[in-house]
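Chemist: Next comes the sequence, and after it the predicted model I'd like to discuss.
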Amino acid sequence: MKPILFLCLLLFPLTAFAQKREEKPSPTTNTSWEATPESLPERPENYLTIYKRNVNGLLIGNKCVEDQTSKMGFNYVLIPGEGPGSKSQAGVFLHNLGTRFLLMFKNGPFWSLRLKKKVKECRQKTGDYMG
């Protein structure tokens, strides 16, 4: 009798661990075949900056032009001409020179000509001839 009791005590814990419950997937509101859990937000891009004092021809506020500059990896930043908190003319020139050099490697040697063409197309699409 003792060996049977010992055998039952030995096998019972093993059978208890073998019976695992399967967790049911949580309900989702997405009913497509490719339903996936929500992913982490995308990492924000770090855009290069080109400082400008004169806004003529930049079309600031035009969504089409902003999208084109973002695709190329930079944004225009307007800075005041003179006064406290403004950069010196030499500092702006050197910063823009370095930025344009990096953009040449990123977008090719004629990136500025392609951008001018895209700005012209955006100008015609939106009818924004001011600026």
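Modeler: Yep, it's here.

Chemist: what sits up against stretch 51-67?
Modeler: With contact meaning CB atoms under 8 Å, 6 or more residues apart in numbering, stretch 51-67 is reached by 75-81, 87, 92, 95-96, 118-119, 122-123, 125-126, 128, 131. C-beta coordinates here come from the backbone N, C-alpha and C atoms, glycine included.

Chemist: Sorry, wrong one. I was asking about stretch 118-131.
Modeler: 55-60, 62, 64-65, 68.

Chemist: Give me the helices and strands touching the host helix or strand of K106, please.
Modeler: Per DSSP states H and E, K106 falls inside helix 89-107. Contact partners of helix 89-107 among helices and strands, from 3 or more CB pairs under 8 Å, 6 or more residues apart in numbering; DSSP states H and E: strand 48-52, helix 63-72, helix 111-126.

Chemist: Could I have the ChimeraX command that selects the buried members from the contacts of stretch 51-67?
Modeler: Buried subset of the contacts of stretch 51-67, written as a ChimeraX selection, criterion 16 or more other CB atoms under 10 Å:
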select :92,95,118,119,122,123
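
Chemist: Kind regards, and thank you for your time.
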